[in-house]
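S.K.: Got a sequence here, can you build the structure:
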Amino acid sequence: MSQRKDKWIVGLALFSMFFGAGNVIFPPYLGMTAASMWVPAFICYYIADIGLAMLAILAMLKCDSDIEGITCRIGRIPAVLLSTLVVLCVGPMLAIPRTAATTFEMGVSPIFPGVNPLVASIAFFVLIWVLCVKEASVVDIVGKFLTPALFIGLMIVIIKGIIDPLGPIAAEPKVSNIISSGIISGYQTMDVLAALIFGVIIVKTVKEKGYTEIKAKNAVIGGAGLVAGAGLLIVYFGLAHLGATASTMYGVDVSRSTLILEIIKNLLGNVGMVIFGIVVALACITTAVALVSSSGAYFSRLSKGRVSYKVIVTIVCVISPVIANIGLDEIIAISEPVLSIVYAPALTLIILTIVGDKIKNDNVFKAAALGAFLISVLETAANHGLGFQFVNYLPLHHFGFGWLLPTVICGVAGYFIKGDKKKVSPEVSVPEPDPAETVRKGKI
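M.R.: Numbers count the residues shown, from 1 in each chain. Prediction:
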């Protein structure tokens, strides 16, 4: 099989993995609230979502590893804690249940209103379990079969909305800060964090296809990232435009799921609802397969093989239906403060990993990640009325990046703290060579 074909298969799989529950509901709502300013809002959304996710993929290529290679230079215990928290966020605690909740609210309930949500969630995760138990087949199943159907269904909806728009675009945005709105919406998709654990599957699959040399492996994964990024640009742009054309019809009080359902109903009628229900189901299935598989691989490795991949996949598929029945909007509301805390240190380490061969002192990584974490905790507390209002005066706070300057200051301070030269790769990962040592020596 040619390298070009492998790039397309892996790229299409990445497209489907990223295009999960959040990606269906966030762009239309963003377009609707931004109204005539939907294009700049969309650009902020895309940068905060896929732009940063591509940085995560670049960081994995740089350290020739996945999430553990990115966190390994902050020390073994902090690395394990942060890696585990990231996997839980984009795994069984938030993102995986959200796929089932989205499938029910937008794909099942509008077509079959009498179906019990718990029964629907159980059926959903039975299917996910079946698709996940054979780990090696995940990327090929998603890339070869599910993605084309998903993309065609989405393009039918988007093209119809362009040819026959719902209405004029409102002149005034419905939110006070479209840049902040775009960035926060990009955050909530969880794609930056998801990219870190999708790497568990993608890197493994590329190696199994015979690309063991670093240069060839990086070429396939890098090409796949470009394929996924281009596909997502087309789809996100189209969905945001659909939302903008509905900006004179709905207000900010409409729920995200209701908005997209009403858009589809007005564009394509009952037939469109069925088509969109299938599209949503495919999007959520592809993302859930990737997330459950990645979570299973990570926690099996964390246990050093004492708990098998299949056992962990089974546990995740048993727990997730219960969490899914909290409801889509509730899961999104719960995820926002958690993501706000996890995103900053994770993104800090992603950026540092990309330039890591120039940084020999691990204390830069440790201090910067700690600073990002602490400021994010304080910002989250302040946003929920728990004091610490001084963080509101931090530069870029209103754009969601109040943690940036303190992180830079902490990183610079870490540079002047004498660091040891010991390897700090987390105990759960045994890459050859050690990612921390590889990055420090600039071999990648």
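
S.K.: Could you use CA atoms for every contact and neighbour count after this?
M.R.: OK.

S.K.: check contacts around residue 308.
M.R.: Each residue near residue 308 by CA atoms under 8 Å, 6 or more residues apart in numbering is listed here: residue 300.

S.K.: And the one 4 residues further on, by the same measure?
M.R.: For residue 312, the contacting residues are 295-296, 299-300, by CA under 8 Å, 6+ apart.

S.K.: State the distance from the closest residue to residue 178 other than its chain neighbours to residue 240.
M.R.: Spatial nearest neighbour of residue 178, chain neighbours left out: residue 41 (5.4 Å); criterion: CA to CA, 6 or more residues apart in numbering. The spacing between residue 41 and residue 240, counted by CA to CA, to the nearest Å, is 9 Å.

S.K.: what touches both of those two?
M.R.: Shared contacts of residue 41 and residue 240, defined by CA under 8 Å, 6+ apart, are found at 30-31.

S.K.: The residue nearest to the spatial centre of the chain: what's it in contact with?
M.R.: Closest residue to the average C-alpha location of the chain: residue 191 at 1.6 Å, with CA atoms, centre = their mean. The neighbourhood of residue 191, defined by CA under 8 Å, 6+ apart, consists of 18, 49-50, 53.

S.K.: got a markdown table for those, with pLDDT too?
M.R.: Rendered in a markdown table, the data for these read as follows (pLDDT from 0 to 100):
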| residue | pLDDT |
| --- | --- |
| 18 | 81 |
| 49 | 89 |
| 50 | 89 |
| 53 | 89 |
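
S.K.: want to try CSV for those, with distance to residue 163 as columns?
M.R.: As requested, those are arranged in CSV below (distance: CA to CA, whole Å):
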residue, distance to residue 163
18, 27
49, 27
50, 27
53, 31
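
S.K.: mind putting these in a markdown table, distance to residue 364, secondary structure and neighbour count included?
M.R.: As requested, the contacts of residue 191 are exported to a markdown table (distance: CA to CA, whole Å; DSSP: H, G, I helix; E, B strand; the rest coil; neighbours: other CA atoms under 10 Å):
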| residue | distance to residue 364 | secondary structure | neighbour count |
| --- | --- | --- | --- |
| 18 | 31 | helix | 30 |
| 49 | 26 | helix | 25 |
| 50 | 26 | helix | 25 |
| 53 | 22 | helix | 25 |
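
S.K.: tally of neighbours for residue 372?
M.R.: Residue neighbour count, defined by other CA atoms under 10 Å, stands at 29 for residue 372.

S.K.: coming back round to it: host element of the residue nearest to residue 178?
M.R.: When secondary structure is defined by DSSP states H and E, residue 41 falls within helix 38-46.

S.K.: Contacts for that helix next, please.
M.R.: Applying CA under 8 Å, 6+ apart, the external contacts of helix 38-46 come out as 27, 30-32, 34, 178-179, 181-186, 233, 236-237, 240-241, 244.

S.K.: Mind doing that once more with 10 Å?
M.R.: Counting by CA atoms under 10 Å, 6 or more residues apart in numbering, the neighbours of helix 38-46 from elsewhere in the structure are 26-28, 30-35, 48-49, 51-53, 169, 173, 177-189, 229, 232-233, 236-237, 239-241, 243-245.

S.K.: mean confidence score for it?
M.R.: Averaging pLDDT along helix 38-46 gives 94.

S.K.: can you give me how far it is from the chain middle?
M.R.: A distance of 17 Å separates the centroid of the chain from that of helix 38-46, by CA atoms, centre = their mean, to the nearest Å.

S.K.: Report the buried residues of that helix.
M.R.: Going by neighbour count (16 or more other CA atoms under 10 Å), the buried part of helix 38-46 is 38-39, 41-46.

S.K.: for stretch 100-114, same thing?
M.R.: Of the residues in stretch 100-114, those buried by neighbour count under the rule 16+ other CA under 10 Å are 100-110.

S.K.: I'd like those residues as CSV, with pLDDT appended.
M.R.: Formatted as CSV, the entries for these read as follows, by pLDDT from 0 to 100:
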residue, pLDDT
100, 89
101, 86
102, 84
103, 87
104, 88
105, 83
106, 81
107, 82
108, 88
109, 85
110, 82
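
S.K.: Output these as JSON lines; include the columns secondary structure and distance to residue 122.
M.R.: As requested, the buried residues of stretch 100-114 are exported to JSON lines (DSSP: H, G, I helix; E, B strand; the rest coil; distance: CA to CA, whole Å):
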{"residue": "100", "secondary structure": "helix", "distance to residue 122": "9"}
{"residue": "101", "secondary structure": "helix", "distance to residue 122": "11"}
{"residue": "102", "secondary structure": "helix", "distance to residue 122": "14"}
{"residue": "103", "secondary structure": "helix", "distance to residue 122": "12"}
{"residue": "104", "secondary structure": "helix", "distance to residue 122": "11"}
{"residue": "105", "secondary structure": "helix", "distance to residue 122": "14"}
{"residue": "106", "secondary structure": "helix", "distance to residue 122": "16"}
{"residue": "107", "secondary structure": "helix", "distance to residue 122": "15"}
{"residue": "108", "secondary structure": "helix", "distance to residue 122": "13"}
{"residue": "109", "secondary structure": "coil", "distance to residue 122": "15"}
{"residue": "110", "secondary structure": "coil", "distance to residue 122": "18"}
